[in-house]
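Student: Give me a model of this one.
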Amino acid sequence: MNDIKESPVRMRNLLYLLVAAMVCFSSDAEIMTKTHFLIPAGPGGGWDGTARGVGEALVKSNLVLNVTFENLSGGGGGRAIAKLIETADRQQNTLLINSTPMVVRSLQKIFPQSFRDLEPIASVIADYSCFVVTRDSPIKNFSDAIKQFRQDPRSLKAAGGSVRGSTDHFILARAIELAGENPRKLIYVPYDGGGKALAGILTGETQILSTGLSEALDMARAGEVNIIAVTASERIPEAIDIPTLSEQGFDLVFANWRGFFAAPGLPASQYRLMKQTIAALVLTPEFEQVRQRNGWALLHNEGDAFYRFLEQQELEIATLMRKLGFLRS
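Tutor: Numbers count the residues shown, from 1 in each chain. Down below sits the predicted model:
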């Protein structure tokens, strides 16, 4: 028996080298000389930040030499999905970034497609939701927000980076319901992406922002905004000063997955190469640096496992949305 104990870091590096070798020596490796990220929203939001962070790590780790980005907002993300499907024969190297809102908006019939119309490649990270206020806001914690809402629901306008009934909307609505208040009284102001939604609270158009933690973390670190709660089960090491919603007495834990999809009808070898590339990426120190910087949790599911994950989430979200009145059937 070999009694030499490998350190976790060494084992991780060996695993990375093994997976990376699979990518490098694949017979189809020459296909993915370029990765094009299709982002279904404007700059500054969670989709944009995740795609660009993954692209940065791909280049710095030398897994992909040429990375490009395309922001295509519209239709709650449906415009980009439609383009990927309609031009599938020209999208050999395209990865569409998406997340929980794809499931939500499909349930709401905002667009006719669902994840079933695409090829799920892999989820990569989970981004917890958070609630954000301006630095000088009288709201110092979530109980303060509920107190203001209880006194006058119209005085607490909420910003979100997506349409009504989206993740940003129903997570805050659910927290309000857990506080014993009527979530249907919440005034939700939708913006096109997290960047514009953040600007909404800074200009005073709204009083609280519901968004992904990674979208607000840099501004919080710079002291420009305060994050009053995060929907993690416990405090996040990369953002240890931010209290969880649960520790404030509101038992809500939620993480928004983000991952990648490819166009339908591509060769199986291309899908395999995409999955191998993502699998190698998440083991690199370059990706780990990006993950920590953004306060993301690692959530790597690929292929069939990712598809089953999406089916389960669809069931759970449909139940919650019906309870909150966002779905009629």
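Student: Can you get me a residue count around P40?
Tutor: Using other CB atoms under 10 Å, P40 is surrounded by 29 other residues. All C-beta atoms are positioned from the backbone trio N, CA, C, and that covers glycine.
Student: Isn't it up against N98?
Tutor: Yes. Using CB atoms under 8 Å, P40 makes contact with N98 at a distance of 6.7 Å.
Student: hey, what's in contact with both of the two?
Tutor: 47, 77, 81 (CB atoms under 8 Å, 6 or more residues apart in numbering).
Student: Between these, which sits nearest T244?
Tutor: Relative to T244, the closest of the shared contacts of P40 and N98 is W47; by CB to CB it sits at 24.4 Å.
Student: in a strand, that's where that closest one is, yeah?
Tutor: No. Under DSSP: H, G, I helix; E, B strand; the rest coil, W47 falls outside any strand and is assigned helix.
Student: What count of nearby residues applies to it?
Tutor: Neighbours around W47, by other CB under 10 Å: 31.
Student: my read: it touches S99, true?
Tutor: Yes. If you go by CB under 8 Å, W47 and S99 touch, sitting 6.7 Å apart.
Student: Find the residues that touch each one of those two.
Tutor: What both W47 and S99 touch, as defined by CB under 8 Å, 6+ apart, is the set R258.
Student: ok, now which ones touch F131?
Tutor: Contacts for F131 (CB under 8 Å, 6+ apart) come out as 142, 145, 172, 175, 208-210, 227-229, 245.
Student: residue ranges for the helices of the stretch 1-150 of the chain, please.
Tutor: Using DSSP state H, counting those that start in this stretch, the helices of the stretch 1-150 of the chain run over 8-24, 46-60, 78-86, 100-107, 142-151.
Student: Can you lay out those as CSV showing mean pLDDT and distance to L283?
Tutor: Putting those into CSV (pLDDT from 0 to 100; distance: least, CB to CB, whole Å) gives the following:
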stretch, mean pLDDT, distance to L283
helix 8-24, 42, 4
helix 46-60, 95, 11
helix 78-86, 97, 27
helix 100-107, 91, 24
helix 142-151, 98, 36
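Student: so which of those comes closest to W296?
Tutor: Nearest of these to W296, taken as CB to CB: helix 46-60 at 8.0 Å.
Student: Would you mark the buried spots in that closest one?
Tutor: By 16 or more other CB atoms under 10 Å, the buried positions in helix 46-60 come out as 46-55, 57-58.
Student: just these now: which is nearest R184?
Tutor: Using CB to CB, G46 comes nearest to R184 of those, at 25.7 Å.
Student: ok, the closest residue to the closest one other than its chain neighbours - how many residues close by?
Tutor: Distance criterion CB to CB, 6 or more residues apart in numbering; nearest residue to G46, sequence neighbours excluded, is G212 at 4.3 Å. If you count neighbours by other CB under 10 Å, G212 ends up with 31.
Student: Verify the stated contact: G212 with C130.
Tutor: Yes. Between G212 and C130 there is a contact under CB under 8 Å: 7.2 Å.
Student: Mind checking the pLDDT average for the strand ranked longest in the chain?
Tutor: Identified as the longest strand of the chain according to DSSP state E is strand 119-134. Taken as a whole, strand 119-134 has an average pLDDT of 96.
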